[in-house]
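Trainee: need a structure here:
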Amino acid sequence: MNERGSIKWTSLMLPEHIQELKRLRQRQYDVNQPVLSEDQQEEIQRKVREAYESQAPVTVEYYENKRMHSVSGTIDKVNLTMRRVEISSRTGLDYITFNKISNIMFK
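Mentor: Residues are numbered from 1 along each chain as shown. So this is what the prediction gives:
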């Protein structure tokens, strides 16, 4: 069967309605930022310190713009003043603030 239903109706819809449908489709993938316990936060801090000192490759999962993201690389710098880490990956440098990190995994 050929799925033409949405194509047929979009020509009759107002541009505002089409934009709102696109926004609704995108919003269905939004997630809330995970709430970490104090133990989990301490574990992340320990792993950040260990990964920085050993320069071991890690994958960091973090929350940004209502989505979960991940980046793989090595932690080059820990900036305590700005409360963020600098991760060197294949795509360049990524800066992630401590409060956005939800998990760190050693490769």
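
Trainee: where along this structure do the strands fall?
Mentor: For the chain, strands defined by DSSP state E occupy the ranges 58-64, 67-79, 84-89, 92-97, 101-106.

Trainee: By residue count, which helix of the protein is the longest?
Mentor: helix 38-54 (DSSP state H).

Trainee: In that helix, which residues are buried?
Mentor: Within helix 38-54, the residues that qualify as buried are 44, 47-48, 51-52, counting by 16 or more other Cβ atoms under 10 Å. The way it works is simple: take the backbone N, C-alpha and C, and place the C-beta from them, glycine included.

Trainee: do stretch 96-107 as well
Mentor: 96, 98, 101-104.

Trainee: quick one on the thing from earlier: quick one: the buried residues of helix 38-54 as a markdown table, columns for pLDDT and distance to residue 18 too.
Mentor: Formatted as a markdown table, the buried residues of helix 38-54 follow (pLDDT from 0 to 100; distance: Cβ to Cβ, whole Å):
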| residue | pLDDT | distance to residue 18 |
| --- | --- | --- |
| 44 | 96 | 42 |
| 47 | 96 | 45 |
| 48 | 96 | 44 |
| 51 | 96 | 46 |
| 52 | 97 | 48 |
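
Trainee: Let me see the confidence value for residue 2.
Mentor: Residue 2 is assigned 53 on the pLDDT scale.

Trainee: Then residue 13?
Mentor: 73.

Trainee: for it, what are its contacts?
Mentor: For residue 13, no contacting residues are found, by Cβ atoms under 8 Å, 6 or more residues apart in numbering.

Trainee: With residue 36 instead?
Mentor: 44, 102.

Trainee: What of residue 49?
Mentor: residue 78.

Trainee: ok, now how distant is it from residue 69?
Mentor: Distance, residue 49 to residue 69, by Cβ to Cβ, to the nearest Å: 22 Å.

Trainee: same question, residue 107
Mentor: 17 Å.

Trainee: again, but for residue 33
Mentor: 12 Å.

Trainee: Spell out which residues are contacts of both of the two.
Mentor: Contacts common to residue 33 and residue 69, judged by Cβ under 8 Å, 6+ apart, are residue 63.

Trainee: Could you list the low-confidence segments of this structure?
Mentor: Applying pLDDT under 70 to the chain flags residues 1-12.
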